[in-house]
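Asker: with the input below, show me the fold.
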Amino acid sequence: MLHASRGRSHARIARETGLHLDTVRKWRGRCAELDLAGLADRKRTGRPPSCTALQAPGSRR
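Answerer: You can find the predicted model right below:
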């Protein structure tokens, strides 16, 4: 969002950050619609996680 506040285009933000153009569009759209609340994680569908990130295989301890 800092790049956007400086007037940079979607394409330039994607190029400078290494993000996909669609990802930049999605997050800028959410922020435009919901202000900073749009940056929060959205609820996910499906079964809730059965372990914490610390318990997951391959997690750092």
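Asker: and the residue nearest to the spatial centre of the chain, what does it touch?
Answerer: Taking CA atoms, centre = their mean, the centroid of the chain lies closest to Trp27, which sits 6.2 Å from it. With contact set as CB atoms under 8 Å, 6 or more residues apart in numbering, Trp27 has these partners: Met1, Gly38, Leu39. C-beta: built from backbone N, CA, C; applies to glycine.
Asker: the last one: how many residues sit nearby?
Answerer: Looking back up the chat, that one is Leu39. 11 (other CB atoms under 10 Å).
Asker: how far away is the residue lying closest to it once chain neighbours are set aside from Ala37?
Answerer: Excluding the flanking residues, the one nearest Leu39 by CB to CB, 6 or more residues apart in numbering is Cys31, at 6.1 Å. Going from Cys31 to Ala37 by CB to CB, to the nearest Å gives 9 Å.
Asker: more crowded one of the two?
Answerer: A count of neighbours by other CB under 10 Å puts Cys31 above the other of Cys31 and Ala37, at 16 against 9.
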